[in-house]
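Student: Quick one: sequence and predicted model below, then my questions.
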Amino acid sequence: MTNQEILSHVDHTQLKAYATWEDIARLCDEALRYGTASVCVPPCYIRRIHDTYGESLNICTVVGFPLGYSVTAAKAAEVEQALADGCSEIDMVVNISDVKNGRYDKVEEEIRTLKQMCGEHILKVIVETCYLTEAEKVTMCRAVTNAGADYIKTSTGFGTGGATREDVELFAAHIGPDVKIKAAGGVAAKEDLEMFLELGCDRVGTSKAVALLAGEKNEEGY
């Protein structure tokens, strides 16, 4: 797998609370230069990115991030504003408290509501696997599938653990045929990127991919 093939599946990410416009502009410039799938950024930067880069960048943002326990109406308002500002992809965090309380129908309905708002835009659902039992992970696979979301995503990167081989394999066994997988959190080496893509992930979220790969040359000269 070439570096460019890997990067075409990467959501190039900068979600630190103290990210400056200089940080975000550097991220966007790298995304354009190296052909990443998207930039994943804080909602407050969407409009400025869109105004600066136009349609040349695929902008992804986060909703209910990173803890997930915002009420649905608040998440819906975030989605509405993000789309209005020029975002194309939404990574939402499920209400993990609802999951732990066994309120799976409520979780599924929230996902469905946000997907209806997104329409043709991509909705990825972060289930934060580090806090879930295996049975809860399987139930979330069903909820994401039933609600019509586009992706199930392992982690925020702000929890106690990130993506693992075991969780991706579990997802692959239990999601519906129209749901894709995004691994995120703890992706720190080229081997991690290759492993998750080989396991069937369509996207990998990380801030490190360009730094890991930009110094290497492949047969395409990159």
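Tutor: On my side now, so go ahead.
Student: Any idea which residue is closest to the centre of the chain?
Tutor: residue 91 (4.9 Å; Cα atoms, centre = their mean).
Student: tell me the SS of that one?
Tutor: Counting by DSSP: H, G, I helix; E, B strand; the rest coil, the backbone at residue 91 sits in strand.
Student: That one and residue 173: what is the separation?
Tutor: From residue 91 across to residue 173, the span is 23 Å (Cβ to Cβ, to the nearest Å). (Each C-beta comes from the backbone N, C-alpha and C, glycine too.)
Student: do residue 214 as well
Tutor: In this structure, residue 214 and residue 173 are 35 Å apart, going by Cβ to Cβ.
Student: Comparing those two, which residue is more hemmed in?
Tutor: residue 214 (13 against 9; other Cβ atoms under 10 Å).
Student: ok so, going back, might one say that the residue nearest to the centre of the chain is in contact with residue 40?
Tutor: Yes - between residue 91 and residue 40 there is a contact at 6.6 Å, judged by Cβ atoms under 8 Å.
Student: show me where the protein has strands.
Tutor: For the chain, the strands defined by DSSP state E occupy 10-13, 38-41, 59-63, 89-93, 122-126, 151-153, 180-184, 203-206.
Student: Can you tell me the closest non-neighbouring residue to the residue nearest to the centre of the chain?
Tutor: Once flanking residues are discounted, residue 91 sits nearest to residue 124: 4.5 Å by Cβ to Cβ, 6 or more residues apart in numbering.
Student: circling back: want to try JSON lines for the strands of the chain, with mean pLDDT and distance to residue 20 as columns?
Tutor: As requested, the strands of the chain are exported to JSON lines (pLDDT from 0 to 100; distance: least, Cβ to Cβ, whole Å):
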{"stretch": "strand 10-13", "mean pLDDT": "98", "distance to residue 20": "15"}
{"stretch": "strand 38-41", "mean pLDDT": "98", "distance to residue 20": "12"}
{"stretch": "strand 59-63", "mean pLDDT": "98", "distance to residue 20": "17"}
{"stretch": "strand 89-93", "mean pLDDT": "99", "distance to residue 20": "21"}
{"stretch": "strand 122-126", "mean pLDDT": "99", "distance to residue 20": "25"}
{"stretch": "strand 151-153", "mean pLDDT": "99", "distance to residue 20": "26"}
{"stretch": "strand 180-184", "mean pLDDT": "98", "distance to residue 20": "22"}
{"stretch": "strand 203-206", "mean pLDDT": "98", "distance to residue 20": "20"}
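Student: Select, out of these, the one closest to residue 30.
Tutor: Proximity to residue 30 (Cβ to Cβ) singles out strand 10-13 among the strands of the chain, at 6.3 Å.
Student: helices or strands up against that closest one?
Tutor: helix 21-34, strand 38-41, strand 180-184, strand 203-206, helix 209-213 (3 or more Cβ pairs under 8 Å, 6 or more residues apart in numbering; DSSP states H and E).
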